[in-house]
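Enquirer: I'll drop the sequence and a predicted model, then ask my questions.
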Amino acid sequence: MRRRVVRARAHGKVNVFLGVGEARADGFHELSTVFQAVSLHDDLAVEAVPARRVESGPHVRGVRVTGLDAQKVPTDSTNLAVRAAEAVVARYRKRHGLSWAPALFMHLHKGIPTAGGMAGGSADAAAALRATAALFSPEYPALPEEELYEIAAELGSDVPFTLMGGTAWGRGRGENLTPVLSKGRYHWVFALSREGLSTPAVFKKLDDLRYARPEAAPHLDVTAVTKALASGDPLAVAVHMHNDLEPAALQLMPRLRVAHGAAVELEALRCVVSGSGPTLAFLCRDEATAEAVAEGLLAQNLASRAVVAHGPVPGARVL
Ligand code: C5P
């Protein structure tokens with residue numbers, strides 16, 4: 001392999017619908033969720049340095065992070081992009097009996113908030129899967145897509161969707177994906193928080209809330225929201241947007257209620273917590289309204305940052 005750099009891009013997501021079923025024996029919850037990939041993205045560059053042969057131990061020897069929330073992103077082996085790259089290298093080495101592979105250096109430029117419920121870490125992993133696999137091309141045959149998806153699912157529940165992109169129905173942990181027909185372009189405003197929320201903590205809070213109120217049944221039927229997406233009418237989509245994790249996220253971060261409650265007054269169609277939060281997702285009728293909603297959120301001090309985005313957009317890809 002010669003010295004080279006491969007760049008890849010991956011997008012964040014919003015859960016237009018997030019139904020959370022019972023906790024399973026493995027600790028994960030059974031989901032029925034409709035993901036939409038949105039234009040906020042992270043860019044990853046992976047450089048292979050064949051002059052530095054690695055026979056054993058980690059191949060990723062350096063990680064640099066710049067951009068949004070960069071100081072919050074780990075640069076060690078807990079970074080999902082690092083784990084994704086190592087997993088791909090391990091597959092190629094095993095498959096082709098390679099005694100060594102080059103040292104890798106990564107530069108991650110963040111545009112997706114960290115710990116914001118928008119799958120930023122998962123998107124980085126998806127970009128790393130594509131970029132690292134591309135480093136082995138054309139010398140070695142590409143890994144089958146099923147294998148990349150298999151690695152993705154092992155890395156995290158949202159990694160397969162960030163690899164796939166578009167709009168999709170996710171079941172199981174969220175990794176069992178079926179593409180969903182979505183017409184038109186949806187305009188979003190994401191209100192970002194300075195602090196993140198821990199995904200396991202939000203799921204745990206939901207379990208506690210449900211224990212106290214067993215009548216609060218999960219919402220697992222995506223028929224209405226998928227019909228609305230196929231119609232291309234943002235108002236119909238807004239009516240059927242839902243997030244079972246929302247009460248848990250709002251209890252853990254009560255100040256989110258103010259911005260959430262201001263959605264209609266700001267002229268957004270609807271607001272939901274994005275994934276496990278704390279990012280708030282405002283669906284708007286068009287781009288101009290989205291710009292106005294973002295300005296309103298900032299002017300009224302309802303968010304520290306507000307970003308306009310659209311979806312659906314493609315999955316992780318080499319640039
Ligand atoms: O798969 P991922 O690493 O993103 O999941 C993070 C945590 O979120 C899990 O450890 C679990 O606590 C929670 N989770 C869950 N059910 C899911 C997905 C995530 O309980 N379907």
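Expert: Sure thing, it's come through. Numbers count the residues shown, from 1 in each chain.

Enquirer: for the protein, longest strand please?
Expert: strand 29-54 (DSSP state E).

Enquirer: list the buried ones in the next helix or strand after it?
Expert: Remark: after strand 29-54, the chain's next helix or strand is strand 60-67, criterion DSSP states H and E. Using 16 or more other CB atoms under 10 Å as the test for burial, strand 60-67 gives 60, 63, 65. The way it works is simple: take the backbone N, C-alpha and C, and place the C-beta from them, glycine included.

Enquirer: pLDDT (mean, whole number) over strand 60-67?
Expert: For strand 60-67, the mean per-residue pLDDT is 98.

Enquirer: now for that strand, which elements pack on it?
Expert: If contacts are counted by 3 or more CB pairs under 8 Å, 6 or more residues apart in numbering; DSSP states H and E, strand 60-67 sits against strand 29-54, helix 80-96, strand 101-110.

Enquirer: the first one relative to strand 60-67, how many degrees between them?
Expert: Using axes from the mean of the first three to the mean of the last three CA atoms, to 10 degrees, the direction of strand 29-54 lies 120 degrees away from that of strand 60-67.

Enquirer: paired strands for strand 29-54, with orientation please.
Expert: strand 4-23 (antiparallel), strand 101-110 (antiparallel), strand 167-172 (antiparallel) (DSSP bridges).

Enquirer: and residue 202, which of the three is it?
Expert: Under the three-state scheme (DSSP: H, G, I helix; E, B strand; the rest coil), residue 202 adopts helix.

Enquirer: that should have said residue 74, apologies.
Expert: Criterion first, three-state DSSP; result for residue 74: coil.

Enquirer: next, count neighbours for it.
Expert: Using other CB atoms under 10 Å, the number of residues around residue 74 comes to 14.

Enquirer: same question for residue 5.
Expert: Neighbouring residues of residue 5 were enumerated by other CB under 10 Å; the total is 12.

Enquirer: part of a helix, is residue 115?
Expert: No: remark: residue 115 does not belong to a helix; assigned using three-state DSSP, it is coil.

Enquirer: with adjacent residues omitted, what lies nearest to it?
Expert: Sequence neighbours aside, residue 196 is the residue nearest to residue 115 in space, at 2.5 Å (criterion: CB to CB, 6 or more residues apart in numbering).

Enquirer: so who does the one you found touch?
Expert: Residue 196 sits next to 72, 113, 114, 115, 116, 278 when contact means CB atoms under 8 Å, 6 or more residues apart in numbering.

Enquirer: which among these gets closest to the ligand?
Expert: residue 115 (11.1 Å; CB to the nearest ligand atom).

Enquirer: that closest one touches residue 194, doesn't it?
Expert: No: using CB atoms under 8 Å, residue 115 makes no contact with residue 194, being 10.7 Å away.

Enquirer: looking at those two, which is more packed in?
Expert: Using other CB under 10 Å as the criterion, residue 115 and residue 194 rank with residue 115 on top: 20 against 10.

Enquirer: just want the angle from the longest strand of the chain to helix 80-96.
Expert: Relative orientation of strand 29-54 and helix 80-96, computed by the same axes, to 10 degrees: 70 degrees.

Enquirer: hmm, back to that, and residue 257, which of the strands paired with strand 29-54 is closest to it?
Expert: With CB to CB, the closest approach to residue 257 among the strands paired with strand 29-54 belongs to strand 4-23: 18.2 Å.

Enquirer: returning to what we had before: okay if I get the strands paired with strand 29-54 as a markdown table plus mean pLDDT and distance to residue 306?
Expert: What follows is the strands paired with strand 29-54, written out as a markdown table (pLDDT from 0 to 100; distance: least, CB to CB, whole Å):
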| stretch | mean pLDDT | distance to residue 306 |
| --- | --- | --- |
| strand 4-23 | 97 | 14 |
| strand 101-110 | 98 | 17 |
| strand 167-172 | 98 | 23 |
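
Enquirer: just so I know, which of these lies nearest residue 272?
Expert: Proximity to residue 272, assessed across the strands paired with strand 29-54 by CB to CB, is greatest for strand 4-23 (7.8 Å).

Enquirer: list the buried residues in the closest one.
Expert: Buried, per 16+ other CB under 10 Å, within strand 4-23: 6-20.

Enquirer: roughly how far out does it sit from the chain middle?
Expert: 3 Å (CA atoms, centre = their mean, to the nearest Å).

Enquirer: only alpha carbons, please: show that strand as CSV.
Expert: Output of strand 4-23 as CSV, limited to C-alpha atoms (Å, rounded to 0.1, in the frame of the first residue of the first chain):
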residue,chain,number,x,y,z
ARG,A,4,-2.2,8.2,0.8
VAL,A,5,-5.1,10.0,2.4
VAL,A,6,-8.8,9.1,2.0
ARG,A,7,-11.5,11.6,3.0
ALA,A,8,-15.0,10.6,3.9
ARG,A,9,-18.1,12.5,5.0
ALA,A,10,-21.0,11.3,7.2
HIS,A,11,-24.2,13.0,8.3
GLY,A,12,-26.0,13.3,11.6
LYS,A,13,-29.6,12.1,12.0
VAL,A,14,-32.9,13.0,13.5
ASN,A,15,-35.4,10.5,14.6
VAL,A,16,-38.7,11.7,13.0
PHE,A,17,-40.3,8.9,15.1
LEU,A,18,-38.7,7.0,18.0
GLY,A,19,-40.7,4.3,19.7
VAL,A,20,-39.0,2.5,22.5
GLY,A,21,-40.2,-1.0,23.6
GLU,A,22,-39.3,-3.1,26.6
ALA,A,23,-35.7,-3.5,27.8
